[in-house]
Structure formats: C-alpha cells, structure tokens
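>>> Quick one: sequence plus predicted model below, questions after.
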Amino acid sequence: RYARDTAIRGNNMHAERAQRLRDDDRDRDRDRGRGGRGRDERDRGNGRERDGRRGGRDRDRDRSPPMSRRNNGGRPRGGIMMRDRGGERKLRIDRQKICPLLLRVFCKLGEHHKADDFKHPEKEPTDDEFQIYTWKDATLGELTSLIKGVRKAARRRTARLSFAFVYPDRAGKKVVRYVGETYSTRRSQDGKKSLADLKFETGDYLDVAIHLK
C-alpha cells in the first residue's frame, strides 16, 4: 500500500507539473500574441497620426482664404498683384478662369457726354452706347482696338480717343472723370494703363470722345 500511495503521489506531482508547464506556455503565447497585436495597433495608430498630419496640411492648403473683392486697397477677387519692370503693382487676371464683366461704353464724336446726360437712367444716351465684355486688367490700348471694331470714326488715322469714367459720387450725383487718351495709329503712354490701374469699379460706365483733326 505504501508503495502504491507513493507511486500515485508521484504521478500526481508529475501531472501537476506538466499542467503548470502547459499553463505557462499558454500564458506566454497569449502575452506574445497581445504584444504583437499591440505593436500592430501602435503601428496603425502611428500611420493614422502621420496621415492625419499630412491630411491636415492638405486641408490647410485647401482652406487658403479666397481672394476677396477690392475694397480700400484690398486684393482684387480673381486676380493677383504683380510688379512690372518699373516696380509698379499691376493686376493680373487668369482670363480662362475668371468671368469677364459687362462694360457699358458711350462714344461721342468731338466731345464727352455731360454728367447730366446720365442723371436719369431712362434718359441715358443709349443711341451712343455699345457693350463689351472685358476684365479689369484690360488696358486702354486694348479697349481702343475693340472700339475701332465698332466705331468707324475711331479707325481714322487722325483719330484720338479720350477716355473717362462715369460713376456716382458719395451724394449720388453722376461724375465724369477723365482718365487718359489713346491714338488710332500710334501708341501712347496711357494705352498701357489698365482699368484697375485707373481705379475702375464694376458698374462704372466708360465714356469715349473721338476727336478728329
């Protein structure tokens, strides 16, 4: 009996030891698996963080403030200010992306229209009017070419074109302001000036006097 009991206790001890070894192996495998998943999760988290930072930079770039309408010296909408060779700031517009504005042009032979001619909208000199689509970076020289295509008198060799803006002042009274002149067959310094350079605002009229020698 003593030998049998000793053998049984020995077998039990071996069985318990084997079970503990199996439990230890299972715990190590579980810890190893958790560690791998933890590393994978950390790697995925770091990847998301990197992507988030990169995406944030892209979103910040996409959120760059749009160009706003010129107001008291602000930057014009749809254009950029650049300096020419003389150091002067010039408006440059991408005409493939920016819609043109409608410009009402009033031409008269020998003199400008009077401010009173525009006092009442229903009595404006529409017989002398034509309309063109253009941009604020259009120069007086460019407008001269367009006018020559519409008015026969502007195509004469001796023609001189005088330009003026018509707009309401602070009191609401129409004002005619001279801005420059060009010639039919030769260049002029004023021909290089753009509407933006001359402080043109959308809604202003362009009044042109065609002088013939």
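Received the coordinates, thanks. Residues are numbered from 1 along each chain as shown.

>>> which regions of this protein lie under the pLDDT threshold?
For the chain, applying pLDDT under 70 flags the ranges 1-19, 31-90.

>>> For it, just list every one of the helices.
Under the criterion DSSP state H, the chain contains helices at 2-62, 140-148.

>>> in the shortest one, what counts as buried?
This points to helix 140-148. 140-144, 146-148 (16 or more other Cβ atoms under 10 Å). Heads up, the C-betas are built off the backbone N, CA and C, glycines and all.

>>> who does it touch, helix- and strand-wise?
Secondary-structure packing of helix 140-148 (3 or more Cβ pairs under 8 Å, 6 or more residues apart in numbering; DSSP states H and E): strand 101-109, strand 129-134, strand 159-168, strand 174-183.

>>> and these as TSV, adding mean neighbour count and distance to T202?
Formatted as TSV, the helices and strands packed on helix 140-148 follow (neighbours: other Cβ atoms under 10 Å; distance: least, Cβ to Cβ, whole Å):
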stretch	mean neighbour count	distance to T202
strand 101-109	18	5
strand 129-134	13	11
strand 159-168	19	10
strand 174-183	18	16
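
>>> Now distance to D29 too, for the ones you listed, in JSON lines please.
Shown next, in JSON lines, are the helices and strands packed on helix 140-148 (distance: least, Cβ to Cβ, whole Å):
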{"stretch": "strand 101-109", "distance to D29": "75"}
{"stretch": "strand 129-134", "distance to D29": "77"}
{"stretch": "strand 159-168", "distance to D29": "85"}
{"stretch": "strand 174-183", "distance to D29": "87"}
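
>>> Of all these, which one is nearest R92?
Distance to R92, taken as Cβ to Cβ, is lowest for strand 129-134 among the helices and strands packed on helix 140-148, at 14.7 Å.
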